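Visitor: What follows is a predicted protein model with its sequence.
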Amino acid sequence: MIRVCRATLVLLDVSVAHRFCEAQLLPDLIRYLRDPGCATPEVLSELQHSARGQRYAGLRLLEHTGWPKVSGALPPELRREYWDLKRAAQQPGDPPEKHIGEITTVLMAAHLHADLVIVDDRFGKALARRKGLARLSTAQLALEMVCDEHLTEEEGFTVFDRATEEGIGRERYSQALSEWRVRRDLER
């Protein structure tokens, strides 16, 4: 199991910042991922766009912190694959920008040999698996942060609850947290 605290480069999709912003825990995310956290220009653009609205107004904090670091643009040799993946992911009625963040995140993570990618979208998860990348979801990141004492159990649940399907609830959170602690202890 790859842990964020041991990573030197972690590429993030938009959903990570969105969920922590909703939970009003964005400063904690920034502190935890200060050094390894990186986003593609496309993800940064999505975050800036989200920050203009009321729902994610807390993302305006990113402008003042200089976080996350920004990767370079996709190199020319990845452009064709990007367009092919975008076409494959696009469903009728989807907005044109749908899936851009997770596609660029995963492609850039593979290109840069990132230690880890944090992505929640089903298409992004499958693509990361196909590329052989270590991946965490936002919910798993929250579990790790609780185990590393960067979030309280209650704060961890707040993020976990927002990052999982409706109805997963506290019981599943407690079970997942116990499992995460066992895995962490086995690594020591």
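Guide: Ah, there it is.
Visitor: from here on, contacts and neighbour counts on C-alpha atoms
Guide: Fine.
Visitor: can you map out the strands along the protein?
Guide: Here the chain has its strands, by DSSP state E, at 10-12, 37-39, 69-70, 116-118, 135-136.
Visitor: what number of residues lie near residue 152?
Guide: The tally of other residues near residue 152 (other C-alpha atoms under 10 Å) stands at 15.
Visitor: shaky segments in this structure?
Guide: Applying pLDDT under 70 to the chain picks out residues 1, 188.
Visitor: What segments of the protein are helices?
Guide: Here the chain has its helices, by DSSP state H, at 14-22, 26-33, 41-51, 61-65, 76-89, 100-112, 122-130, 138-147, 153-163, 169-187.
Visitor: okay, those in CSV with distance to residue 4 and mean neighbour count next?
Guide: As requested, the helices of the chain are exported to CSV (distance: least, C-alpha to C-alpha, whole Å; neighbours: other C-alpha atoms under 10 Å):
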stretch, distance to residue 4, mean neighbour count
helix 14-22, 13, 22
helix 26-33, 8, 18
helix 41-51, 19, 19
helix 61-65, 20, 13
helix 76-89, 26, 13
helix 100-112, 14, 24
helix 122-130, 16, 17
helix 138-147, 8, 23
helix 153-163, 15, 21
helix 169-187, 12, 13
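Visitor: would you turn those into TSV with distance to residue 7?
Guide: Converted to TSV, the helices of the chain look like this (distance: least, C-alpha to C-alpha, whole Å):
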stretch	distance to residue 7
helix 14-22	17
helix 26-33	9
helix 41-51	20
helix 61-65	20
helix 76-89	24
helix 100-112	13
helix 122-130	17
helix 138-147	13
helix 153-163	20
helix 169-187	15
